[in-house]
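Visitor: just coords:
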């Protein structure tokens, strides 16, 4: 019988999740390692080999660590679960003129649920991952995410969608550590190659980073359907021809294949008319936005006018704002204009280091 209970650890084969498994094993937990195969990249004819969590080398690295430290390891094939939701959502969002965040969707709807289902089957009390974030419990009884000590690695932004039953059974042991400390731990455990292992910031099912190519392979006849649309300015004046609205994102400056003698940016996308709105950098500024598909963490809702720091993308530093309940979700009014509000991306609301909740940014008026 373990001292602390039985825990299922999601092991990608990378440094963070491997160290989590070894830390918990040393701390007296009964560890069960599990590596999830989410995607078979060869199925879409990509030009690059599988990377990150979906290649054989990663599977072997995870299994080797488990064997060497005496705990079981399993490979879990969730390609059907993953593809039906995450990839379909990814394609549908781009086709709707929005910019999706597949990692948030995967965490929220697939990975944690898949882990918890298998954890129950193997009588595991907890699940654990190598995310840099912290789980706390408020005096009101609710569980919530907070930022990790290492803000350069903090992943609280991508975990806003986790529901209370998931948070209550999740361990995130890396919260108090910096990445440099985790690399040193890998050396101390005798894994110098793991300590030097590079990190992938690509979408797991688009390892060549060519999401446009991915869309073309997934949607039959896409190029022919959307080619020949128009670039317009904010007044509707035609500026030129583009390659198709799904191949552009709000805030994009490079790769427009159109010149004006000054930088121009994508400020809006209209899928119904296959138009892409271009403007100056200041045209990206927005005083407010609407956010829907909400999940509340620290509290079970908000009071009108509640102040929060709102992040509109992963690397965003956050903007001071007031939150108001709205029939479509909530309305966010920024103290100062926010730049590059992109429909489809996540908006995450913070009170200090604590995540109040989050949701999906809705379409903006042109």
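Guide: Yes, it's here. Every value quoted in this text rests on a predicted model; they were computed, and no experiment measured them.
Visitor: Which residue comes closest to residue 331 once chain neighbours are left out?
Guide: Spatial nearest neighbour of residue 331, excluding adjacent residues (Cβ to Cβ, 6 or more residues apart in numbering): residue 324 at 4.6 Å. The C-beta positions use only the backbone N, C-alpha and C, and glycine is treated the same way.
Visitor: Test for you: state the pLDDT assigned to that neighbour.
Guide: pLDDT for residue 324: 97.
Visitor: so it sits in a strand?
Guide: Yes: judged by DSSP: H, G, I helix; E, B strand; the rest coil, residue 324 forms part of a strand.
Visitor: Pull the number of nearby residues for it.
Guide: Here the count is done by other Cβ atoms under 10 Å, and residue 324 has 16 residues near it.
Visitor: thought it was touching residue 305?
Guide: Yes: at 6.6 Å, residue 324 counts as touching residue 305 under the criterion of Cβ atoms under 8 Å.
Visitor: Just list the residues touching residue 352, thanks.
Guide: Applying Cβ atoms under 8 Å, 6 or more residues apart in numbering to residue 352 gives no contacts.
Visitor: If we use 10 Å, what do you get?
Guide: By Cβ atoms under 10 Å, 6 or more residues apart in numbering, the contact list for residue 352 reads 146, 147, 308, 309.
Visitor: any chance of those in JSON lines, plus distance to residue 279 and secondary structure?
Guide: Putting those into JSON lines (distance: Cβ to Cβ, whole Å; DSSP: H, G, I helix; E, B strand; the rest coil) gives the following:
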{"residue": "146", "distance to residue 279": "37", "secondary structure": "strand"}
{"residue": "147", "distance to residue 279": "33", "secondary structure": "coil"}
{"residue": "308", "distance to residue 279": "28", "secondary structure": "strand"}
{"residue": "309", "distance to residue 279": "27", "secondary structure": "strand"}
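Visitor: Hmm, residue 306 and the residue nearest to residue 331 touching each other?
Guide: Yes: contact status for residue 324 versus residue 306: in contact at 8.3 Å, counting by Cβ atoms under 10 Å.
Visitor: Please identify every residue contacting each of the two.
Guide: Looking at what touches both residue 324 and residue 306 (by Cβ under 10 Å, 6+ apart), the common residues are residue 330.
Visitor: what ranges of the stretch 1-150 of the chain fall below the confidence cut-off?
Guide: Applying pLDDT under 70 to the stretch 1-150 of the chain flags residues 1-2, 40-56.
Visitor: measure residue 143 to residue 318 for me?
Guide: 22 Å (Cβ to Cβ, to the nearest Å).
Visitor: now do residue 347
Guide: 10 Å.
Visitor: mind giving me the domain ranges of this structure?
Guide: Here the domain parsing of the chain from automatic domain parsing is 6-130+173-196, 220-279.
Visitor: Can you check the distance spanned by the longest one, start to finish?
Guide: One end of domain 6-130+173-196 sits 30 Å from the other (Cα to Cα, to the nearest Å).
Visitor: now stretch 293-302
Guide: 15 Å.
Visitor: For it, give the mean pLDDT please.
Guide: For stretch 293-302, mean pLDDT rounds to 96.
Visitor: roughly how far out does that stretch sit from the chain middle?
Guide: Chain-centre distance of stretch 293-302: 18 Å, with Cα atoms, centre = their mean, to the nearest Å.
Visitor: buried sites along that stretch?
Guide: Of all the residues in stretch 293-302, those buried under the rule 16 or more other Cβ atoms under 10 Å are 294, 295, 296, 297, 298, 299, 302.
Visitor: Let me know the pLDDT of the closest residue to the first one other than its chain neighbours.
Guide: Which is residue 294. Counting by Cβ to Cβ, 6+ apart, the nearest residue to residue 294 once its immediate chain neighbours are dropped is residue 359, at 4.0 Å. As predicted, residue 359 sits at a pLDDT of 97.
Visitor: Repeat that for residue 206.
Guide: Residue 206 is given a pLDDT of 85.
Visitor: any idea how far the nearest residue to it once chain neighbours are set aside is from residue 87?
Guide: Nearest non-adjacent residue to residue 206, counting by Cβ to Cβ, 6+ apart: residue 214, 4.9 Å away. Residue 214 is 9 Å from residue 87, where distance means Cβ to Cβ.
Visitor: ok, back up a step: can you tell me which helices and strands the strand or helix carrying the residue nearest to residue 206 packs against?
Guide: Per DSSP states H and E, residue 214 falls inside helix 211-218. On a contact count with 3 or more Cβ pairs under 10 Å, 6 or more residues apart in numbering; DSSP states H and E, helix 211-218 meets helix 88-95, helix 222-226.
Visitor: Also compute the angle for that helix relative to helix 88-95, please.
Guide: On the basis of axes from the mean of the first three to the mean of the last three Cα atoms, to 10 degrees, helix 211-218 is oriented at 110 degrees to helix 88-95.
Visitor: State the mean pLDDT of helix 211-218.
Guide: Helix 211-218 shows a mean pLDDT of 93.
Visitor: who touches both of residue 324 and residue 305?
Guide: Listed as contacting both residue 324 and residue 305 by Cβ under 10 Å, 6+ apart are residue 333.
Visitor: Show me which positions of stretch 259-274 end up buried.
Guide: Here stretch 259-274 shows 264, 265, 266, 267, 268, 269, 270, 271, 274 as buried, counting by 16+ other Cβ under 10 Å.
Visitor: In strands only, show me those.
Guide: Under the assignment DSSP state E, these contribute 265, 266, 267, 268, 269, 270 to strands.
Visitor: is it true that residue 68 touches residue 33?
Guide: No: checked against Cβ under 10 Å, the pair residue 68 and residue 33 is beyond contact range at 11.3 Å.
Visitor: Okay then, goodbye and thanks.
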